[in-house]
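Enquirer: Show me the folded form of this:
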Amino acid sequence: MSNPEMEGLIRSQNELHGRIARAYENLKKAGGARLTMGLVNARLQALESNWNKFEEQHGKLLLMPPDVLAATDYKEQDLPALVEETFLTQKGMFLDVLLSHKAREEAAAKNETSETATTTNRTTLPRIQLPEFSGKYEDWPSFRDLFHSLIGRDANTTPVEKLHYLKTSLKGEAELLVRNIATTAENYDSAWDVLNAYYENKRLLTRAYLSNFLALTKMKSESAVELRKIFHGVKATVSSLASIGRPINRSEDLFVYLAVELLDPRSRREWETSIGDTTEPPTYATLEQFLDRQLHTLESMQPAKVDGAAGKAASGAAKSARSHLARKQEGNPDAKRGRCHCCQKDHILMFCEDYKRKTAQERKQLVDNKNLCLNCLGSHKVSECASKKGCAACGARHHTSVHDACREVEVAKTVHAAQRLAVKPSAVLLATARVRVADRFGTLHHARALVDQGSESSLVTERLAQRLKLPRSRTSVSIFGVGGQKTAVAKGRVSLTLAPRTDGPAMSVSALVLPRLTIYAGGIEAGAEAWSHLQGLELADPEFSASDSVDILLGADVYAEILQEGLRKGVVASPSRKTRLLAGFCLALSVKVLRVTSRNPTSAVSRTNCRN
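Expert: Modelled structure (predicted):
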């Protein structure tokens, strides 16, 4: 045999080695749909043919003169042993695929036979597609859980099949991690451990989730489409972080701030209105409730799509589709969709700037006059309202924009809380005082106090406590009103140092902190000069009929310390009725006690208890 012929055989041996080594990789390139048993058998036969040809040519090379063969590196490479090991590995993977196909066909035939025997008319469900994973960290948890549920926990699927399914489900970077792992029964757990060790990284998962959150586009205008993207993006971030054991509890304030910054200016204004005058940072639950309610409202404004043929009545009159927040209003021109009931422009009432500038009482009056729903401001009765949402402030079945007006009607039933609204011709002047109260640095501030001997404890508003920057002790005290109804819960207590508005001794008062005390705003328009028996007295509250707010309530715990003895009587008559006047003057704190109530024309008794 000549040297050129020997060199040709050696080149052929190297080429056969490459074909044998790439046999299984070429099979995988066929794809899942074309990977049939016929194709697997054909490629397996080609693999065996290449191996047989390699052995045949190896025999020819061994028949060459030893000195001629020694002049090449054929023996030094030990190519026959290397090719034999490669061939056995490749053939083993082919046999694994054949066994996997055979097992699936037998299982399918068994299931088909069983289903045919038990039922002859069963709806065929769509085939579940295996999930794919391309290597993105944020997609790993969902892929892991779904693959484990469909394949990993299936006792009828062999480890070889599980590994095959796993490899065919991986793409890109993830597929590279397990490409060189042989498809054998014992390698399934190893391949899964490789993926789990690489992608089960909480630090990188957290970074991926937060990156997606920060990549959310800020809303340009108030629209349901943009708000829906923000809402779903925020909820997806929260749920994803919670699924890996990283809830937003510790960074809730920052997360809420970043989420609110994604809203458009009008939505942010609605958000600030919804949280009211609270001084505590809003929680994520509050934000989620607001976004859900806002999205619900914006979606209700979008016209529903209806079939053109079904949208015509027998008489030929067109009917418009209504959302669950609006119904058909026959004979009412104000019920035209998109027409504001306040300014008649093309927007709904809750987004009307004229409506927002009105007081709560004026808003409620408008709602009542237009026969609108008190809960959602739609053109239907509140009893027919399909919305499950209520007031964001108290949860009652009224809109947040009329909360204060509805609240005044409720609290008017309580003592020393509010005047009766146009029910009885009576006016009540409560005992108020202008006092000076010291902050934590000793600086005196002016405030208005209400004296209420019916209260067991003294109270102060959150607003004044914040302004005074007083140290606060934690507590939890329930506040009950008339009828034993729970009205509030005090979460803190402060110590106040009070002094009269004029010169006089100071006193210390322990007070519970509440967001708001009362809506009392004076009872009559006349001043002290209207009653002669009050002439010459220096009242604790010279402007007792003023409508400014009350920030301190002095209860029964200090009532005895601020009143002095002494009695002034007098009768006040109005053009329409007689009234009883109760007035008192206290030197210690210059507290004025003045009460006016309706009486019959024959009653003219007034008294007060004061101490010299």
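
Enquirer: Chain neighbours aside, what residue packs nearest to residue 30?
Expert: Leaving aside its sequence neighbours, residue 30 sits nearest to residue 39 (C-beta to C-beta, 6 or more residues apart in numbering; 6.1 Å). Using the backbone N, CA and C atoms, a C-beta is placed for each residue, glycine as well.

Enquirer: Now the helix or strand hosting the one you found: average pLDDT?
Expert: Per DSSP states H and E: residue 39 is located in helix 37-62. The average pLDDT for helix 37-62 rounds to 85.

Enquirer: Measure how buried residue 209 is and give me the count.
Expert: Each residue near residue 209 was counted by other C-beta atoms under 10 Å, and the total is 22.

Enquirer: With residue 406 instead?
Expert: The tally of other residues near residue 406 (other C-beta under 10 Å) stands at 20.

Enquirer: quick check, it in a helix?
Expert: Yes: counting by DSSP: H, G, I helix; E, B strand; the rest coil, residue 406 is found in a helix.

Enquirer: Hmm, it is touching residue 397, no?
Expert: No: with contact defined as C-beta atoms under 8 Å, residue 406 does not reach residue 397; the gap is 9.4 Å.

Enquirer: got any residues that touch both of the two?
Expert: Jointly contacting residue 406 and residue 397 under the rule C-beta atoms under 8 Å, 6 or more residues apart in numbering are 374, 391.

Enquirer: Name the nearest residue to residue 200, sequence neighbours excluded.
Expert: residue 140 (7.4 Å).

Enquirer: Let's verify the one you found: helix, strand, or coil?
Expert: What three-state DSSP gives for residue 140 is helix.

Enquirer: Show me how far stretch 388-398 is from its chain's centre.
Expert: 17 Å (C-alpha atoms, centre = their mean, to the nearest Å).

Enquirer: tell me which residues of it are tucked away?
Expert: Judged by neighbour count (16 or more other C-beta atoms under 10 Å), stretch 388-398 contains these buried residues: 389, 390, 391, 392, 393, 397, 398.

Enquirer: now do the same end-to-end measure for that stretch.
Expert: With C-alpha to C-alpha, to the nearest Å as the measure, stretch 388-398 spans 11 Å from end to end.

Enquirer: quick one: contacts of it?
Expert: Residues from elsewhere that reach stretch 388-398 (C-beta under 8 Å, 6+ apart): 274, 276, 289-290, 292-293, 296, 374-376, 382, 385, 399-400, 403, 406-407.

Enquirer: now do stretch 267-276
Expert: By C-beta under 8 Å, 6+ apart, stretch 267-276 touches 219, 222, 227, 260, 263, 282, 286-287, 290, 294, 392-393, 400-401.

Enquirer: what about 6 Å?
Expert: Contact with stretch 267-276 is made by 222, 260, 282, 290, 392, 393, as judged by C-beta atoms under 6 Å, 6 or more residues apart in numbering.

Enquirer: Look up how far residue 365 lies from residue 41.
Expert: Using C-beta to C-beta, to the nearest Å, we find residue 41 at a distance of 86 Å from residue 365.

Enquirer: Please apply the same query to residue 130.
Expert: From residue 130 to residue 365 the distance is 63 Å (C-beta to C-beta).

Enquirer: got it, and residue 535?
Expert: Distance, residue 535 to residue 365, using C-beta to C-beta: 41 Å.

Enquirer: which of these two has more neighbours?
Expert: residue 365 (14 against 10).

Enquirer: Longest strand in the chain, please.
Expert: Ranked by residue count under DSSP state E, the longest strand found in the chain is strand 486-500.

Enquirer: Give me the sheet partners of that one and which way each runs.
Expert: Here strand 486-500 has these sheet partners by DSSP bridges: strand 432-438 (antiparallel), strand 473-480 (antiparallel), strand 507-514 (antiparallel).

Enquirer: Can you point out the helix or strand that includes residue 164?
Expert: Per DSSP H and E, residue 164 falls inside helix 159-169.

Enquirer: Quick check: the residue lying closest to residue 217 once chain neighbours are set aside vs residue 261, distance?
Expert: Closest residue to residue 217 apart from its sequence neighbours, by C-beta to C-beta, 6+ apart: residue 229 at 7.3 Å. Distance, residue 229 to residue 261, using C-beta to C-beta: 15 Å.

Enquirer: Would you mind listing where the stretch 351-500 of the chain has pLDDT under the threshold?
Expert: Counting by pLDDT under 70, the stretch 351-500 of the chain has low-confidence residues at 407-428, 483-484.

Enquirer: so where do the helices sit in it?
Expert: 353-357, 360-369, 403-411, 462-468 (DSSP state H, counting those that start in this stretch).

Enquirer: Redo those as a markdown table? Include distance to residue 168.
Expert: Below are these laid out as a markdown table (distance: least, C-beta to C-beta, whole Å):
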| stretch | distance to residue 168 |
| --- | --- |
| helix 353-357 | 59 |
| helix 360-369 | 62 |
| helix 403-411 | 59 |
| helix 462-468 | 62 |
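
Enquirer: Poorly predicted segments of the chain, please.
Expert: In the chain, residues with pLDDT under 70: 1-2, 31-34, 111-125, 302-338, 407-428, 483-484, 519-534, 564-612.

Enquirer: could you check the distance from residue 366 over to residue 374?
Expert: 11 Å.
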